[in-house]
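Asker: next comes the sequence, and after it the predicted model I'd like to discuss.
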Amino acid sequence: MNVVKEINGLNGSQVSRADLHKIYVNAKKQDQPALAQRIEKILNAYDDPYFDINIGAPVIEEIPNYITDNLPFEENPDEDYTGLNKAVSPDEIYQYITDLVINTIKEVGHLPWQREWEKTSLFNGWQAINYDSKKGYRGINFVLTNFEVKITAEGPALFPRDLSNPYFLTFNQIEKHGGKLKKGSKGVRVVYFTKLYSHTEKDPNTGDIILEFGTYNQKKFIAWLKKNRSKIRSITNDKEFDKLANSYIPILKYYNVFAGADVEGIEWGDLPKNENVDKPERERIEIAEAIVKAMPKPPKFIFGGDQPAYSPGSDHIRMTPIEAFKSEQSYYSTLFHEMIHSTGHRSRLDRFNIFDGKKEYAFEELIAELGAVFLCAESGILFETLQNSAKYLRGWNSRLVKSLEEDNRFFFRAASKSQAGSDYILDRDKDGQPAYLKGLVIEPVKAPEKTKTKKKPKPKPKPQKESKPVKQLNTRNPLVVEYEKQNPKVVNRVIYSSLTEAEKLKYVQNRIKPDPEPAPDPKPKKKPAKKSKAEEQNEKAKPGEQLALLGEKLEAKKTTGLPGGFVIASEGPAKKIDTFRLPGEIGKLLGDLQAYQLAILLTGDPHAGKTEFVTQLTDAFLDYGFKGAYLDLEQGGLVSKDTQNAFNRNIKASNQSKLAVTGEAPQGIDTVHAIADKFNFVVIDSFQELNAPINGFNDLRKQHPNTIFIVIFQQNGKGGTRGGIKGDYDAPVRLKVYRVDETFVNNYAQVEKNRGNKIGLQYNVSQKKVISDETPEPEVEAEKTPVQSPAVEGDLIIYE
């Protein structure tokens, strides 16, 4: 629910402290800092369990800067706002856009750019432009002007638009330039913002309003302030006067614009067009690559695997090699999607500050999709997705509809943030020139000169500029490479889409190099025993030409040329897999564990004793001889008496000297990455305090396979993991602490999952011993089916 509507609707009622705190959290999430600050002051000033809500004038919704930055500004000197008791809300605009998107999905089954890019004006280089400013529309207005609104059975919906003339004008602009609107022309809504300058002065004793004024004209507002300066208590000097004179609230509005094709009587001149789309495919691909290279402060690029993804924890993009894509345009469209994700990192636009459920991940995926649309339009390449079947898009969009129905600001905000992400990557200068153009040089291919008499010798081909060699990462996977930091270059490649199917197969085969032959053993070998004639004859026979006699199997030829990371099952690892068992009752509970990529996930009922149990686990690991780190993010570390008491109750004094403790993670999950390899195990209480996305937990295990992670995930009152996710993070061991009653003495931890060991075991936290040993056989857990959040690339996966 919209938080401004919610707080205004509570006027005159009483709310609990917990409910008021929820409103405070939602105000922060919905970018209403002034409202959040007011509520925070009240919560900090009073300890009361209940509060009476009395609002003198309705709260006005703030429009965040990231939205107004992408909208045109219009001053309305003739339209005064004369009473603060008269609410001004952008809700109608938000709802109009939301209905457009929902109607489109219900009518067509997908959004107009997802399967019909070739039918859009963007594919042909025509992008909607404001006639007076000669600038393209941005953010939500990009969607409203570059796609056509048509009336369907579901209502107004978006369709591809044919822009033979890219200009758009308001009715006043048409008149100003001597034009005339054709009969039957339909306008297009364009959203803009204006500034409301207002002030309310109340009697300090009675609270009654004694002064109230508002206008969209700053000059009028300043004149009113001068006239009433003596009555306004906050104006104590000229500095305070200037501060109030420049204070405003941004207000959303819209006007209608008309396509240039619907206007007569104006000489348009040369119509502006994106020249990139008319260039040969080779040059458009070079432009796309130049955009990648020119991104400021880029993340690390790693090439390998079969699932493109961005990992915020380690700030890297993993891209499937280009030869796996059906075309190079599809490759770059996908890469743009991941690059937009990376702009959310705290070192860039800091978009990942609040992640607490599927809605937030759906929001981030929509940002990445729209941002990729903007970048594809810029480079002139096709916007394509890895999965664009009608069935897949129906599922993708049905989840989007659900989010839109819950929040009518969802699409509008996503369009604004995706524009900001695109702007960050393009990095335009003060003249509007994107950074990629500065380093882009594409030489046309010149035809050789013809001569009548002599044949000129074939000119020597100009040496191609070599990319700087990519830097090999310290990894066992030969597919993993990294951009050169100073001047990043993508691995050289052929124009893959132009190859025949046979050439494609040969190209891929040539990229998989056989393993090098092993070096000869320098040690002298014993002279082999003389072979029998039968053995010699058997050696001469070629594998595959000889039948097995009497059931004896022939030894197959050893396979070479395997992709990186693959080995023959029978050949390794020769080393026995090491397991360990913790001492005492904890060892009895958990059984034999393998340290490699081990994670123990702990959930539990509220106030069940999760911290009590995790400190007992910690003591057992320290008893075994491991050294550990304890991130007490829930309670603040050793400055908390509760933490100190829990340590003293459950961790031996001798073991505490082997444990490093902190109460904060200033860099979020990056703090954990930085310290993980310095310890045998790391305890995190709790993971939600890291504000990390869902795949951050699995990244820890994969990037630090030799460090054991013991992680508490907080639950909500309904038993789900806090934030709305069902707690199905992947971990070899999953434990849950149950609250039986108020006494705590009967609370117990139960083994919910433990690969290769018994499940169902129960451990009394108060008594520190196993209380149930009647358990089923070791579990074999079926793999969960990943349900992709609204990401066509599926790079942020949420399990259901």
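Answerer: Sure thing, it's come through.
Asker: the longest strand in this structure is where?
Answerer: Longest among the strand segments of the chain by residue count, using DSSP state E, is strand 188-202.
Asker: against which helices or strands is the helix or strand containing residue 282 packed?
Answerer: Assigned by DSSP states H and E, residue 282 belongs to helix 281-294. Under the contact definition 3 or more C-beta pairs under 8 Å, 6 or more residues apart in numbering; DSSP states H and E, helix 281-294 sits against helix 328-342, helix 358-379, helix 410-426. No exception for glycine: its C-beta is placed from N, CA and C like everyone else's.
Asker: give me the low-pLDDT residue ranges for this structure?
Answerer: Scanning the chain for pLDDT under 70 picks out the ranges 76-89, 115-119, 353-359, 384-393, 439-577, 694, 715-730, 773-800.
Asker: distance between the ends of stretch 643-658?
Answerer: End-to-end distance for stretch 643-658: 17 Å, by C-alpha to C-alpha, to the nearest Å.
Asker: identify the residue nearest residue 149 in space, chain neighbours excluded?
Answerer: What sits nearest to residue 149 in space, not counting adjacent residues and going by C-beta to C-beta, 6 or more residues apart in numbering, is residue 156, at 5.1 Å.
Asker: ok but the one you found is inside a strand, no?
Answerer: Yes: with DSSP: H, G, I helix; E, B strand; the rest coil as the criterion, residue 156 is located in a strand.
Asker: surely it and residue 102 touch.
Answerer: No: Residue 156 sits out of contact with residue 102 when judged by C-beta atoms under 8 Å, with a separation of 10.3 Å.
Asker: could you list the domains of this protein?
Answerer: Using automatic domain parsing, the domains assigned to the chain come out as 1-56, 60-273, 278-438+468-515, 584-799.
Asker: can I get those in a markdown table with mean neighbour count and distance to residue 578?
Answerer: As requested, the domains of the chain are arranged in a markdown table below (neighbours: other C-beta atoms under 10 Å; distance: least, C-beta to C-beta, whole Å):
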| stretch | mean neighbour count | distance to residue 578 |
| --- | --- | --- |
| domain 1-56 | 15 | 45 |
| domain 60-273 | 17 | 49 |
| domain 278-438+468-515 | 18 | 19 |
| domain 584-799 | 18 | 7 |
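Asker: now the helix or strand containing residue 92: how far from the chain's centre is it?
Answerer: Following DSSP H and E, the helix or strand that holds residue 92 is helix 91-108. Helix 91-108 has its C-alpha centroid displaced from the chain centroid by 24 Å (C-alpha atoms, centre = their mean, to the nearest Å).
Asker: just stretch 316-335 next, same as before
Answerer: For stretch 316-335, the gap between its own C-alpha mean and the chain's C-alpha mean amounts to 18 Å (C-alpha atoms, centre = their mean).
Asker: format the CA atom coordinates belonging to that stretch as PDB.
Answerer: Taking C-alpha atoms only, stretch 316-335 is exported to PDB below (Å, rounded to 0.1, in the frame of the first residue of the first chain):
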ATOM      1  CA  HIS A 316      31.500  -9.400 -11.000                       C
ATOM      2  CA  ILE A 317      29.600 -10.300 -14.100                       C
ATOM      3  CA  ARG A 318      29.800 -13.900 -15.300                       C
ATOM      4  CA  MET A 319      29.000 -14.200 -19.000                       C
ATOM      5  CA  THR A 320      28.400 -17.300 -21.000                       C
ATOM      6  CA  PRO A 321      31.000 -17.400 -23.900                       C
ATOM      7  CA  ILE A 322      29.700 -15.600 -27.000                       C
ATOM      8  CA  GLU A 323      29.700 -18.800 -29.100                       C
ATOM      9  CA  ALA A 324      26.900 -20.200 -27.000                       C
ATOM     10  CA  PHE A 325      24.500 -17.400 -28.200                       C
ATOM     11  CA  LYS A 326      22.500 -17.600 -31.400                       C
ATOM     12  CA  SER A 327      23.900 -14.200 -32.400                       C
ATOM     13  CA  GLU A 328      26.300 -11.500 -31.200                       C
ATOM     14  CA  GLN A 329      23.400  -9.100 -30.900                       C
ATOM     15  CA  SER A 330      21.800 -11.500 -28.400                       C
ATOM     16  CA  TYR A 331      25.100 -11.700 -26.500                       C
ATOM     17  CA  TYR A 332      25.400  -8.000 -26.100                       C
ATOM     18  CA  SER A 333      21.700  -7.600 -25.200                       C
ATOM     19  CA  THR A 334      22.200 -10.000 -22.400                       C
ATOM     20  CA  LEU A 335      25.500  -8.400 -21.300                       C
END
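Asker: can you tell me how far the nearest residue to residue 437 once chain neighbours are set aside sits from residue 322?
Answerer: Residue nearest to residue 437 in three dimensions, not counting chain neighbours: residue 290, with 7.8 Å by C-beta to C-beta, 6+ apart. The gap separating residue 290 from residue 322 is 16 Å, by C-beta to C-beta, to the nearest Å.
Asker: again with residue 153
Answerer: When distance is defined by C-beta to C-beta, residue 153 is 43 Å away from residue 322.
Asker: again with residue 598
Answerer: Taking C-beta to C-beta as the measure, residue 598 and residue 322 are separated by 35 Å.
Asker: I am finished for the moment; much appreciated.
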